[in-house]
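Enquirer: Can you look at this prediction? I've put the sequence above it.
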Amino acid sequence: MELEKVRNIGISAHIDSGKTTLTERILFYTGRIHKIEEVRGKSGVGAKMDSMELERERGITIQSAATHVTWGDHHINIIDTPGHVDFTIEVERALSVLDGAILILCAVSGVQSQSITVDRQMRRYNVPRVAFINKMDRSGANPFKVTKQLREKLHHNAVMITYPIGAEDEFHGIVDLLTREALYFDGDNGENIRKEPCPEELAEDVEEYRNKLVEALADFDDEIAEKFLEGEEVSADEMRPVIRQAVLDRTLTPVYMGSAYKNKGVQHLLDGVASYLPNPTEVENKAFDLDENEAEIILESVNDKPLCALAFKLEDGKYGQLTYVRVYQGLLKKGIFIYNARTRKKVKVGRLVRMHSDEMEDIEEAGAGDIVALFGIDCASGDTFTDGQRNYSMQTMFVPDAVINYAVAPKNKNALQNFSKALNRFAKEDPTFRVSRDEESGETIIAGMGELHLDVYIERMRREYKVDVDVGEPQVAYRETITAETAFMYIHKKQTGGSGQYAKLGGFMRPLSEELKAEHKHYNFLDKIVGGKIPREYIPSCDNGFKKAMDRGVLIGFPVVDVEMEINDGAAHAVDSSDMAFQIAARAAFKETMARANPIVLEPIMKVVVETPEDFQGPVQAGLIRRRGNIVGSETNYGTAAIEIHVPLAEMFGYSTELRSATQGKAEFSMEFHSYGPVPRSIQDELVKKYAERAR
């Protein structure tokens, strides 16, 4: 398999934009499946890529699924990712190992809230992409408006590569702007592509948009610029390499269009994936050499270099634990030993498979640039594997903080073993699903990205492990911080026969600077000790003591964030000072000073986007304002209003029921974490009072 012919791509979009439907068509046209199933199909079979029973019932994608197809002489690995924000980690882990992506947009709704989120994720991992405007058959479809939104809202240099032949129920096909050929998709499933000259009535518009394409490409190529200025013809063959290079540089986004559901335009999109998205050799992948102080290493997509592969997803399926890996460098062979860079353990590759949703085919080896799966390998998401010649570690993916938690317990005490098994498995599979134990109450706490996220895991526990669970009231993941700079001087002295404990430290506690917050830091330690007032070996003890004290604040016992601790004074005793003495002193100093530094409670503020028929816009806005919402903006489109509003998470429980009854079930909303903000004083007082009562 030539690496130049390999494409590793993801399919990402706002929920319900047709990602799984598009993947289903790709599988059909590439001969992977022989019958198309719909996401909410009457047969009850469900789409191939939604292999989980829950996914088929709800008609949404929960886990990213992997498959591979052949298109012409190109080998394409595809990962279909969820659109729902609660499963954002599935998008993160897919994008972290992909070379390119298809960004799907609905021809009616255009750029929606989750489109902005997945676009931000693609930028984080420098993923080149092509855009596909789907649902051209829907009433209100307008690809010109959506392309404009791509430019204005997402700041893409978006250029149409195709022109629509009609729209809505008159959508018949597309014109390829490079060749001016009209493409029609005939047959029961659009499998027969009929090429004809461009319809005469569209010739003028096609020329206008072809000129716009040439003008955009003139910015990247002098020869095209010259021809454009001279009014000379630019051929398709001259345009293709320039489009490809601009896509690889992420300075151009080609826009395709069609209707996956109506089987139109998908094959042309596949041609675009093969023509313009990068192969593994065209993407720069980095690892860090753990033996050389984490020196940056550029990996090469070749088979004759030391192996480096990343486990990016774990799944405990019907065949045991599956570990999805992306091979970046070297060869992964069945029967060889590989090393886990995190645990330093050696494991044998017993079985190597290529995945096709929940089916698999055994293979003997996988080369650089491939995405495959291993069996029976004990590891965690994000672990790096090497052949032992090098001690490399790949970059870890971005894992957002949990914003909501439930106290859970099995209804039947006999199910405790299965309950523990399920929690361990889910926590290993999903880095955003966290399990902890509340030391005070002895309760098991699960935390995640939203109600749907945790509800899905509770439902999976019931179905896959036969464990019915009692679920406590949802709890918001509050944080505590300070608002005033405060000086401190603390002495820890203890004498209990024999050697005692002594530590003295002084300095300042202050709110963290905006610059450090922008770097996603929540704590900073400043060592301003001069003249050896505190011996050097005890400086890290102070830092560790402060960090441990941040686990539980003084107001309501939640973690403390955005604090800078400076030490500039102190003293030690030749006999009685120790690492433990300074850690204890730092923890006590932190608690005592925080109480004097005007502490406040912070709550997660969510970005909520509601899409509702215009008739209900007023009641929906009023309902959100009642929930302490702050309207950011709204726009209307073909009778649908999209309202963006920032609302505290604590006020959003039970909102889906209220929205359904207020809009006769016609509205939908998405919600994602936006930022932490101060809780109003009256609510803070109430929270502090409740915490004090519980602590008694």
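Expert: Ah, there it is. Numbers count the residues shown, from 1 in each chain.
Enquirer: number of nearby residues for the closest residue to residue 627 other than its chain neighbours?
Expert: Ranked by CB to CB, 6 or more residues apart in numbering and with sequence neighbours excluded, the top spatial neighbour of residue 627 is residue 651, at 3.8 Å. (C-beta placed from N, C-alpha, C; glycine too.) Applying other CB atoms under 10 Å, we find 18 residues neighbouring residue 651.
Enquirer: List the contacts of residue 651.
Expert: With contacts taken as CB atoms under 8 Å, 6 or more residues apart in numbering, residue 651 has the following neighbours: 627, 628, 629.
Enquirer: Just among those residues, which is most surrounded?
Expert: Of all the contacts of residue 651, the most densely surrounded is residue 629 (22 neighbours; neighbours counted as other CB under 10 Å).
Enquirer: And that one, its phi and psi?
Expert: Dihedral angles phi and psi of residue 629 (degrees, to the nearest 10) take the values phi -80, psi 150.
Enquirer: hmm, who's touching stretch 293-306?
Expert: Outside of stretch 293-306, the residues within contact range by CB under 8 Å, 6+ apart are 3, 280-281, 283-289, 308, 328-331, 367-369, 386-387, 389-390, 392-393.
Enquirer: measure the residue nearest to residue 627 to residue 678 for me?
Expert: As for residue 651, its distance to residue 678 is 15 Å (criterion: CB to CB, to the nearest Å).
Enquirer: wait, isn't residue 233 in contact with residue 227?
Expert: Yes - Residue 233 is in contact with residue 227 according to CB atoms under 8 Å; the separation is 7.3 Å.
Enquirer: if you count what's nearby, which of those two comes out ahead?
Expert: With neighbours defined as other CB under 10 Å, residue 233 and residue 227 compare such that residue 227 has more, 17 against 7.
Enquirer: mind listing what the more buried one touches?
Expert: Applying CB under 8 Å, 6+ apart, we find residue 227 in contact with 214, 233, 234, 238.
Enquirer: burial measure for the closest residue in space to residue 567 that isn't next to it in sequence, as a count.
Expert: Distance criterion CB to CB, 6+ apart; nearest residue to residue 567, sequence neighbours excluded, is residue 507 at 4.0 Å. When counting by other CB under 10 Å, one arrives at 22 neighbours for residue 507.
Enquirer: how near is residue 507 to residue 565?
Expert: If you measure residue 507 against residue 565 using CB to CB, the figure is 7 Å.
Enquirer: shared neighbours, those two?
Expert: Common neighbours of residue 507 and residue 565 (CB under 8 Å, 6+ apart) are residue 526.
Enquirer: which residues of the stretch 151-300 of the chain score low on pLDDT?
Expert: Confidence mapping of the stretch 151-300 of the chain against pLDDT under 70 gives zero matching residues.
Enquirer: for the longest strand along the chain, packing partners?
Expert: Ranked by residue count under DSSP state E, the longest strand found in the chain is strand 600-613. Packed against strand 600-613 by the contact rule (3 or more CB pairs under 8 Å, 6 or more residues apart in numbering; DSSP states H and E) you find strand 479-481, helix 617-626, strand 640-648, strand 668-678, helix 681-695.
Enquirer: what's in contact with the longest one?
Expert: If I follow you right, that is helix 681-695. Contacts with helix 681-695, where a contact means CB under 8 Å, 6+ apart, come from 440, 478, 555, 556, 557, 600, 601, 679.
Enquirer: Give me the angle between that helix and strand 600-613.
Expert: For helix 681-695 and strand 600-613, the angle between their directions (axes from the mean of the first three to the mean of the last three CA atoms, to 10 degrees) works out to 120 degrees.
Enquirer: Between strand 668-678 and helix 681-695, find me the angle.
Expert: 80 degrees.
Enquirer: What of the second one?
Expert: When the same axes, to 10 degrees is applied, the directions of helix 617-626 and strand 668-678 differ by 30 degrees.
Enquirer: Can you spell out which helices and strands pack onto helix 617-626?
Expert: With contacts defined as 3+ CB pairs under 8 Å, 6+ apart, the packing partners of helix 617-626 are strand 600-613, strand 630-637, strand 640-648, helix 655-662.
Enquirer: Turn those into CSV, including mean pLDDT and mean neighbour count.
Expert: Formatted as CSV, the entries for the helices and strands packed on helix 617-626 read as follows, by pLDDT from 0 to 100; neighbours: other CB atoms under 10 Å:
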stretch, mean pLDDT, mean neighbour count
strand 600-613, 89, 21
strand 630-637, 86, 12
strand 640-648, 89, 19
helix 655-662, 84, 15
